[in-house]
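Undergrad: Kindly generate the corresponding structure for this input.
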Amino acid sequence: MSAVLEQEAIREPGVLFRVVNRVAIITLNRPAALNALSHQMVRELAVLVERCREDGEIVAVVLRGAGAKGFCAGGDVRALYGMRQRNESGWLQFFIDEYRLDYALHTFPKPVVALLDGITMGGGMGLGQAARLRIVTERTKIAMPETRIGFLPDVGATRFLSVMPAEIELYVGLTGVTLTGAEALRFQLADLCVPSEWLDTFEERLSHIPTADASADDLMRALRTVFEPPCNVVPHAGLGAFTPLMLRHFDRRSGVERIVASLRQDLEREHSREICQREVRQWLQATCDAMTSHSPTMLYVTRDALLRGRQMTLAECFRMELGIVARVIEDGDFSEGVRAHLVDKDRKPRWAPATLAEVRPERVRHLLASPWRVAAHPLADLGAQQALA
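TA: Predicted coordinates:
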């Protein structure tokens with residue numbers, strides 16, 4: 001970051017807040033960093049969300065990102081990497097606070113709208129997927145690319161990705177593929193896909209809807225009219241054509257090595273044909289490349305975590321994810337993945353182990369096992385109030 005951008009970052013608050021017609025508009029305000037979440041931003045967001053919960057004059061919340069490039073590119077991974085390299089312990093508290101914030105949004109009693117315009121990845125997905133109305137555009141780029149840096153799809157992904165069939169969930173979670181807005185809509189990770197310019201004027205429309213004494217259903221209908229254009233043409237979802245391939249190759253009964261073997265088998269078959277579909281070959285190659293270049297260990301861990309999450313409550317998923325995160329950052333591939341892709345940028349991570357065949361089942365079980373006893377878990381109380389209600 002240049003000195004000018006650093007000075008701007010010092011002057012500008014990381015989160016902006018205003019109210020329009022009883023609707024709180026919370027803006028992530030770090031556009032130079034694609035609105036990546038710092039720990040301070042997470043804390044500020046948590047305070048504002050609680051303020052909106054308690055304030056009877058606020059009836060709904062809109063989450064948005066500053067600038068035209070992204071809603072939120074994720075957590076500030078480089079800062080977390082630096083803390084780990086310096087043997088500082090604060091990195092764990094970042095995840096604890098982030099997961100509590102995400103959970104608070106998932107269980108928020110008032111409508112939440114998230115404008116997922118532009119890049120929306122990692123921590124941005126944790127915020128956005130908690131919303132009741134998720135808006136994407138032709139500029140949207142949605143992904144959970146964590147296995148690429150030796151991590152796992154977290155921030156509740158082991159739960160919110162389960163809205164998809166298991167095979168498509170595994171494809172999205174293991175490969176970290178980037179989805180367009182139309183593809184996110186098709187795969188149930190969005191509720192509306194609208195032209196980005198339509199969002200430029202949403203506050204004007206918001207100021208005219210009835211918000212006083214409106215029922216919850218009426219308020220949701222009114223909010224939808226704010227964000228849905230009268231004539232809306234959704235762009236083509238290109239990845240949709242490959243759904244049969246996803247269902248075949250990412251069978252929930254297949255282990256990671258079997259998935260890769262089936263992809264390679266199809267690739268060889270495509271190359272041997274005199275006439276073959278270029279798009280199919282490209283999809284197979286890109287998918288195989290992802291499955292053979294991301295952290296082998298975390299591919300195994302992620303597969304198991306995603307399948308387990310389908311049988312868990314949201315609170316249980318957050319507890320599982322925090323345990324995996326704690327182990328992976330302490331002694332897993334995370335530091336090496338961040339070094340290779342975000343710090344040194346040599347794009348040559350030295351995974352340990354380096355291949356899928358070398359990953360031992362006991363290592364996977366260790367990373368999936370919680371470091372804490374049940375009562376001592378930092379998120380032990382998550383969901384307790386809902387359980388008692």
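Undergrad: Could you report the pLDDT at the spatially most central residue of the chain?
TA: When CA atoms, centre = their mean is applied to the chain, the residue found nearest the centroid is Met125 (3.0 Å). Listed pLDDT for Met125 reads 98.
Undergrad: helix or strand right after the helix or strand of the chain at the bottom of the mean pLDDT ranking?
TA: Lowest on mean pLDDT, DSSP states H and E among the helices and strands of the chain sits helix 3-11, with a mean of 50. Sequence-wise, the next helix or strand downstream of helix 3-11 (DSSP states H and E) is strand 15-20.
Undergrad: where do the strands sit along the stretch 1-150 of the chain?
TA: 15-20, 23-28, 60-65, 70-72, 112-116, 119-121, 133-136, 141-143 (DSSP state E, counting those that start in this stretch).
Undergrad: any idea how this protein splits into domains?
TA: 3-227, 239-388 (automatic domain parsing).
Undergrad: most packed of those domains?
TA: Comparing the domains of the chain by mean neighbour count (mean count of other CB atoms under 10 Å), domain 3-227 comes out on top with a mean of 20. C-beta here means a position set from N, CA and C on the backbone, and glycine is covered the same way.
Undergrad: re earlier: nearest to Pro371, out of the strands of the stretch 1-150 of the chain?
TA: strand 119-121 (26.5 Å; CB to CB).
Undergrad: Report the contact partners of Thr292.
TA: For Thr292, the contacting residues are Val260, Leu356, by CB atoms under 8 Å, 6 or more residues apart in numbering.
Undergrad: Okay, now the unreliable bits of this structure?
TA: Low-confidence segments of the chain (pLDDT under 70): 1-11, 271-276, 385-389.
Undergrad: Dump the domains of the chain to CSV, plus distance to Val233.
TA: Shown next, in CSV, are the domains of the chain (distance: least, CB to CB, whole Å):
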stretch, distance to Val233
domain 3-227, 8
domain 239-388, 16
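Undergrad: those strands in the stretch 251-389 of the chain, which residues are they?
TA: Under DSSP E, counting those that start in this stretch, the stretch 251-389 of the chain gives no strands.
Undergrad: now the helices for it?
TA: Per DSSP state H, counting those that start in this stretch, the stretch 251-389 of the chain carries helices over the ranges 256-272, 278-293, 296-309, 314-331, 334-338, 361-368, 384-388.
Undergrad: These into CSV, with extra columns for distance to Arg100?
TA: As requested, these are arranged in CSV below (distance: least, CB to CB, whole Å):
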stretch, distance to Arg100
helix 256-272, 31
helix 278-293, 31
helix 296-309, 18
helix 314-331, 8
helix 334-338, 21
helix 361-368, 22
helix 384-388, 13
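Undergrad: nearest to Gly238, of the ones you listed?
TA: Gly238 lies closest, by CB to CB, to one member of the helices of the stretch 251-389 of the chain: helix 278-293, at 8.5 Å.
Undergrad: orientation of the closest one relative to helix 296-309 in degrees?
TA: 100 degrees (axes from the mean of the first three to the mean of the last three CA atoms, to 10 degrees).
Undergrad: show me what contacts Ala237?
TA: Ala237 touches Thr180, Ala182, Glu183, Leu185, Arg186, counting by CB under 8 Å, 6+ apart.
Undergrad: Which of the helices of the stretch 251-389 of the chain sits closest to Ser162?
TA: With CB to CB as the measure, helix 296-309 is the member of these nearest Ser162 (5.9 Å).
Undergrad: now for the closest one, which elements pack on it?
TA: helix 157-160, helix 166-175, helix 256-272, helix 314-331, helix 361-368 (3 or more CB pairs under 8 Å, 6 or more residues apart in numbering; DSSP states H and E).
Undergrad: again, only this time at 6 Å
TA: helix 157-160, helix 166-175, helix 256-272, helix 361-368 (3 or more CB pairs under 6 Å, 6 or more residues apart in numbering; DSSP states H and E).
Undergrad: Not counting its own residues, what contacts it?
TA: Under the criterion CB atoms under 6 Å, 6 or more residues apart in numbering, residues 147, 150, 152, 158-159, 162, 169, 173-174, 256, 317, 333, 351, 355-356, 359, 364, 367-368 lie in contact with helix 296-309.
Undergrad: ok, the residue lying closest to Ser196 once chain neighbours are set aside - contacts?
TA: Nearest residue to Ser196 in three dimensions, chain neighbours excluded: Thr137, at 4.0 Å (CB to CB, 6 or more residues apart in numbering). In this structure, Thr137 makes contact with Asp117, Gly181, Val194, Ser196, judged by CB under 6 Å, 6+ apart.
Undergrad: List the residues that contact the third one.
TA: Taking CB under 6 Å, 6+ apart, we find Val194 in contact with Thr137, Pro229.
Undergrad: Redo the contacts of Thr137 as JSON lines? Include secondary structure and distance to Pro230.
TA: Formatted as JSON lines, those follow (DSSP: H, G, I helix; E, B strand; the rest coil; distance: CB to CB, whole Å):
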{"residue": "Asp117", "secondary structure": "coil", "distance to Pro230": "19"}
{"residue": "Gly181", "secondary structure": "helix", "distance to Pro230": "19"}
{"residue": "Val194", "secondary structure": "coil", "distance to Pro230": "11"}
{"residue": "Ser196", "secondary structure": "helix", "distance to Pro230": "17"}
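Undergrad: quick check, nearest of those residues to Leu322?
TA: For the contacts of Thr137, the nearest to Leu322 is Asp117 (29.2 Å; CB to CB).
Undergrad: what about the closest one, distance to Cys72?
TA: Distance, Asp117 to Cys72, by CB to CB, to the nearest Å: 11 Å.
Undergrad: next one: Ala357
TA: For Ala357 relative to Cys72 (CB to CB), the value is 37 Å.
Undergrad: Same question for Met320.
TA: Applying CB to CB to Met320 and Cys72 gives a distance of 23 Å.
Undergrad: And for Met121?
TA: With CB to CB as the criterion, Met121 and Cys72 are 8 Å apart.
Undergrad: One more: Val226?
TA: 21 Å.
Undergrad: rewinding a little: Gly56 is nearest to which of the helices of the stretch 251-389 of the chain?
TA: helix 384-388 (19.7 Å).
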